[in-house]
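*Asks:* Got a predicted structure plus its sequence, pasted below:
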Amino acid sequence: MENTTKSSAEDEVVDRGVEEVEDMGILDDFHLSDEELVFADPSAIQNYRESGLLFEDMSTFVEYRRSNSDAIIIPDEPLPSSVANLVGLPPIGDQGAQGSCTAWAWGYYCLSHQIAAANGFWDTSVPSHQFSPAYIYNQINYGDDSGSSMMDASQLTESFGCATLDTMPYSDSDCVTWPSEAAYTEAMSYRTVNPSWDYLTDDNDLAVLKEYLAAGNTAIMAIYVRTAFYGFDSVNNVYTTSHASGNLYGGHAVCIVGYDDAKATSDGQGAFLLVNSWGTDWGDSGFWWMSYEAMKDPLLSRGYVYYCDVVPQPHAPDLVGSIRISHEKRGDVLCAGLRVILEVNGHEQHSEFLNIGNVMSDESGEYQNHPFPGNHIMFDLSDFVPYLSTYFENEFVLEVGDCVWPVSGTLESFSVHSYEWNIDATSTQTPLTIQDNGAREEVSAFLTVPTVEIDYDEYFDTYVGGTVNITGTVQGESVATVLDTGFEPGSFENPWYTYDANPDNGVQLWGVDNYHDYSGGSSIWCGGNPSTTAVYTEHFIMPIWYWPAGWSLYSSGSNTHQWYPTGTSTQYKIEASTGGMSDVVEWAIQGPLDRSTATELCLTFWMDYEVDDAQSGNFASVLYSTDGSVFHFLKTWTAPVGESVSFIGEQEIMLPDDAICSTLYFAFIFKGDYTGSMTIDDIDIWDISSEYETDADSYVYSYVDLSDYDSAVMSFDYWADLETGFDWFYPGYYVDSAWVWPTTCGSTTGWEHMSMSVPVDATRVGFRFLSDSSVVRQGVYVDNVQLIGLLDAISSVEIFIDGISKGHAIASGTWSYVWNTTTYTEEEHDVVVTLDFGGNLYSDNASYIVDNTAPVLVSVTQPYQRENFTIEVFANDLGGAPIGNMGFASGSVAGYLEYVDGTMINATTYHILLFLSSSIPNDYYEFELYVTDLAGNTITVPMFLTVDSMNPVVSTPVDFRYEVGETGNSIAWTCSDANPSHYELTLDGVVISSGAWTTGLVFPVDGLLEGTHTYTITFWDLAGNSVSDTVIVTVTADAITTTSTTTSTSTDSTSTTTDT
């Protein structure tokens, strides 16, 4: 059968809201309740196969319901009568003896098909195109083979994608190994998007599903496995409502690949085609059918369908995150949750949870009770790209916590890498202890998007002349993880190498040793050849209904229940438990042991413990004593009130120096309320010593390339068990054909963290252990070596003028270039600044017009004023740059200058206002103004200024009269001033004369009509000072009696003649 293309017709939109669904009873009544989910014993099934689907209450995932966000269109044209999406489907697979059906249905079948379709139906018969159930199942189960849920699978692949079987093969005997860094890296290209589900309870739901299949997709559903399902073969392979009466054996996730309206079933016509993960010897070579009625039957179907949509292919992540965590119980961290937040300028822009693990975890401490892998966990952050700022610094915040006490861990590293800009942001706040108190910790990595800009104003910066400073800004910083090695899982990781400068000294070269383990993982170690001698051994390999010699047992509490043997006849252990009794305290003590000749003692034992603190104060402990009466705690396991913790595995505990004595005791204590136990086996005490036969000088190193960085820092954890004056431990680097050891590290009592700078011309980083005498110390342990490279954008800014490089400009956050324009033609020139950062080129450009011709003065007014002097300057600029500014340059008025204001009238004209102090004396002053064009070319304009605050002095002729027809009458004024300017004469308010004056003026007044007339004259000087005088002239018709009176116009003497 071939893939079928859906109809494009659109009619009815099916979008039932949550309230409507609840009214229909779907959320509460459709699927079987927890009380009804009673599974039968599968031992009676001859062909029993594993399933493994854990059911979820989908009402808690309402936001993921498909029809809430994506309306499903039921076409008005009929759908194809049958669809079988077999092209792109991988070969039938077999989950084997593992409850990983969810991962097979979601990953191997559905995701493989959807990715193949998005890539033009590539060949899914090869493992490199088949997606790994192990990648999904091992990360979402409980840490054991107890099944998994659909939403966990869909959310995992939304955050992390899925790796192929080629990168992470499947094994039904391994459900705990997490992906490698290569698997995480590959998975990012194959993410799912918008994980969604919808109901599968009625005919409308079936119609929606059929349209999705008709569009060439596959989907997933959850079914109940009944008795008949195990017996499906090539003939009987249709699940119908008649099978609902069989025993219930669990939930199962299966992939839906098609349908056929004509398929005959006992329920009538119509069935969906599905594929199972039980191999080709089941069903019809792995395929089977489920009738339309059975799909709606709550005794056979869980009532949900899950849709698997994928990112557009091919997908290359633009932004990638990376974390590395050391923690013995990864489930504690997963329960607390991992979240990435993008903050810009103090405001959250976007955040996403890293959906890894099982969201149904009860935080009991049993969930995913395994260490994190030693490799980096990679994840796609491309969805953050639209929220990145190209102006502000982008702060990526990782939230991490530990929800279960008492095991803590360490966040070793957190970084973000941008492929678009080829830059890194690595947190400098790691390693960070993840406190086991439920609190959430935060670390930040800062990513600055590379940019380079020219400071340019289109008006003021267009014209340049002389020597000009071109400036701009630059940003961009890459904090890259060049080297990050945790020395897991117990062997050297490339590219570390060793060298022994004295190979005949009997010293162990640097290698991997987990004696002093770090956060549950191994470390590299260098020291003397260790001599380990068992000075006490008890493996309980014989029946011990009697106790071995040297043991003493004590019990206390309301009911006694002493330590007792448990196990088989060939392998016994000792166990303390409550046995259902209350407030039990049980002691098992061994000693005294004479270990006075030992060098260093280490206690190892196997333990299986569970401490349940139903009330308070319960614990399991191991102790030691040097006298048999006072015991000291070596290690204690407890639990928070109301919770429990457990552990199975080896324990290694170094005994203190005072344990090297002749009366050594050690003991185990268990205290419990009503539940809990402590089981011990394989007890050994080791005497550990090491010697250096001759001088020791051993190196461990890794080659590095820091040529692309501006600076680098190496950090590491170390435990140095050294003898002062005889042993030395050096971190260092190799540069100029020689090792450089900037510092030495002294002896420690535990793990210490250290950082040191590394020059960018170094070609190796490493460590050296040096000893010059025989000692009895262990040596040096090193773990979590990180080398961080810093690339600063400012180091790569280059200036080009007219396409010719002018070299690099370097500054902190800003750049500048001094440009001598006098060697360039007076025309437009292109300036380009580039930033070569991380292999990418960023640039900005601007056009400048070179003008080195000074303005030319055309004219200027010379002011005679008292205050607020206005000077009008006319100038031209032959170089093309407009006049940029004018103002006061220098001169004798400087001491009286209060304010200068220039106003541009047009490109060649300025008005300049000089505001002078009122105390300036009347005098003649010389000074200079300046005229500057926008290119910075300047000329000075010589000026003079006469300050004159004195009004002119005018004579005051007397009023007089004459007879009509009389002639020879006139008025004579005399006026004096140092800077005469002009006058104005009015007759009866009308101006009859004006013009310049020097010393005096005479005006005839003959011909006036009979009456009284008023003459007013005003004299001005050049400074604007003025004086006025008025003379009244009367004209009569009668003769005037003369008494011989003569009138003089002198202002300093007057004589009068009267004619009668």
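*Replies:* Sure, I can see it. Residues are numbered from 1 along each chain as shown.
*Asks:* what sits against Asp402?
*Replies:* His327, Asp332, Val333, Ala336, Ser408, Gly409, Ile434, Gln435, Asp436, Asn437, Gly438 (CB atoms under 8 Å, 6 or more residues apart in numbering). Heads up, the C-betas are built off the backbone N, CA and C, glycines and all.
*Asks:* This structure: helices as residue ranges?
*Replies:* 18-24, 66-69, 101-103, 112-118, 133-140, 150-160, 181-187, 203-214, 292-295, 330-336 (DSSP state H).
*Asks:* and the shortest one, what does it pack onto?
*Replies:* To tie it back to what came earlier, the one meant is helix 101-103. Other elements packing on helix 101-103 under the criterion 3 or more CB pairs under 8 Å, 6 or more residues apart in numbering; DSSP states H and E are helix 133-140, helix 150-160, strand 248-265.
*Asks:* The shortest one: which residues count as buried?
*Replies:* Going by neighbour count (16 or more other CB atoms under 10 Å), the buried part of helix 133-140 is Pro133, Ala134, Tyr135, Ile136, Tyr137, Asn138, Gln139, Ile140.
*Asks:* the inter-axis angle of it versus helix 150-160?
*Replies:* 100 degrees (axes from the mean of the first three to the mean of the last three CA atoms, to 10 degrees).
*Asks:* So in terms of bridging, what pairs with Tyr224?
*Replies:* For Tyr224, the beta-bridge partners under DSSP bridges are Gly251.
*Asks:* about what we covered before: got a winner among the contacts of Asp402 for most neighbours?
*Replies:* Sorting these by how many neighbours each has (other CB atoms under 10 Å) puts Asp332 first, at 28 neighbours.
*Asks:* isn't that residue right up against Gln435?
*Replies:* No. Using CB atoms under 8 Å, Asp332 is not in contact with Gln435, being 10.9 Å away.
*Asks:* Report how many residues lie close to the closest residue to Asp198 other than its chain neighbours.
*Replies:* Excluding the flanking residues, the one nearest Asp198 by CB to CB, 6 or more residues apart in numbering is Arg66, at 4.6 Å. If you count neighbours by other CB under 10 Å, Arg66 ends up with 21.
*Asks:* what's Pro952 in contact with, if anything?
*Replies:* Cys975, Ser976, Asp977, Pro980, Phe1019, Trp1020, Asp1021, Asn1025, Ser1026, Val1027.
*Asks:* Select from those the one having the most neighbours.
*Replies:* Phe1019 (25 neighbours).
*Asks:* and that one, what does it touch?
*Replies:* So Phe1019 contacts Pro952, Val954, Trp973, Cys975, Asp977, Pro980, Tyr983, Trp997, Ser1026, Val1027, Ser1028 (CB under 8 Å, 6+ apart).
*Asks:* Could you check the pLDDT of the second one?
*Replies:* What that stands for is Val954. You'll see Val954 listed with a pLDDT of 95.
*Asks:* Look up how far Ser976 lies from it.
*Replies:* 8 Å (CB to CB, to the nearest Å).
*Asks:* hmm, back to that, export the helices and strands packed on helix 101-103 to TSV and tack on distance to Phe960?
*Replies:* Formatted as TSV, these follow (distance: least, CB to CB, whole Å):
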stretch	distance to Phe960
helix 133-140	124
helix 150-160	114
strand 248-265	129
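*Asks:* so which of those comes closest to Asp455?
*Replies:* helix 150-160 (42.8 Å; CB to CB).
*Asks:* now the closest one: how far from the chain's centre is it?
*Replies:* 22 Å (CA atoms, centre = their mean, to the nearest Å).
*Asks:* helices and strands around that helix, which ones?
*Replies:* Using 3+ CB pairs under 8 Å, 6+ apart: helix 150-160 touches helix 101-103, helix 133-140, helix 181-187, strand 192-199, strand 301-310, strand 377-380.
*Asks:* Quick check: which of these is buried the most?
*Replies:* Highest mean neighbour count of the helices and strands packed on helix 150-160: helix 101-103, a mean of 33 (counted as mean count of other CB atoms under 10 Å).
*Asks:* And for that one, what's in contact with it?
*Replies:* Contacts of helix 101-103 (CB under 8 Å, 6+ apart): 50-54, 95, 133-137, 140, 147-150, 152-153, 252-254, 277.
*Asks:* Pull the contacting residues for the residue nearest to the spatial centre of the chain.
*Replies:* Nearest to the geometric centre of the chain sits Phe396, at 1.9 Å (CA atoms, centre = their mean). Contact partners of Phe396, counting by CB under 8 Å, 6+ apart, are Gly321, Val340, Ile341, Leu342, Leu381, Phe384, Val416, Ala425, Ser444, Ala445, Phe446, Leu447.
*Asks:* Low-confidence bits of the stretch 301-450 of the chain, can you list those?
*Replies:* The model of the stretch 301-450 of the chain has pLDDT under 70 over residues 358-366, 405-406.
*Asks:* how about the strands in it?
*Replies:* 301-310, 319-326, 339-344, 347-353, 377-380, 394-401, 409-418, 423-426, 432-434, 440-454 (DSSP state E, counting those that start in this stretch).
*Asks:* Can I get those in a markdown table including distance to Asp851?
*Replies:* Below are the strands of the stretch 301-450 of the chain laid out as a markdown table (distance: least, CB to CB, whole Å):
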| stretch | distance to Asp851 |
| --- | --- |
| strand 301-310 | 61 |
| strand 319-326 | 47 |
| strand 339-344 | 42 |
| strand 347-353 | 46 |
| strand 377-380 | 54 |
| strand 394-401 | 42 |
| strand 409-418 | 43 |
| strand 423-426 | 40 |
| strand 432-434 | 59 |
| strand 440-454 | 19 |
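*Asks:* doesn't Ser408 make contact with Glu328?
*Replies:* No. Glu328 is beyond contact range of Ser408, at 9.1 Å (criterion: CB under 8 Å).
*Asks:* For Asp792, which non-adjacent residue is closest in space?
*Replies:* The spatially closest residue to Asp792, leaving aside those adjacent along the chain, is Asp710, at 4.7 Å (CB to CB, 6+ apart).
*Asks:* ok, now which ones touch that neighbour?
*Replies:* Val760, Leu790, Leu791, Asp792, Ser795.
*Asks:* Which strand residues bridge the third one?
*Replies:* Going back to what we said before, that points to Leu791. Per DSSP bridges, the residues bridged to Leu791 are Ser478.
*Asks:* What distance do you get for it to Ser805?
*Replies:* From Leu791 across to Ser805, the span is 21 Å (CB to CB).
*Asks:* Pick out whichever of the two has more residues nearby.
*Replies:* Leu791 (24 against 11).
*Asks:* and the more buried one, how far is that from Val931?
*Replies:* 48 Å.
*Asks:* repeat for Arg65
*Replies:* 76 Å.
*Asks:* what do you get for Val958?
*Replies:* Taking CB to CB, one finds Val958 at 54 Å from Val931.
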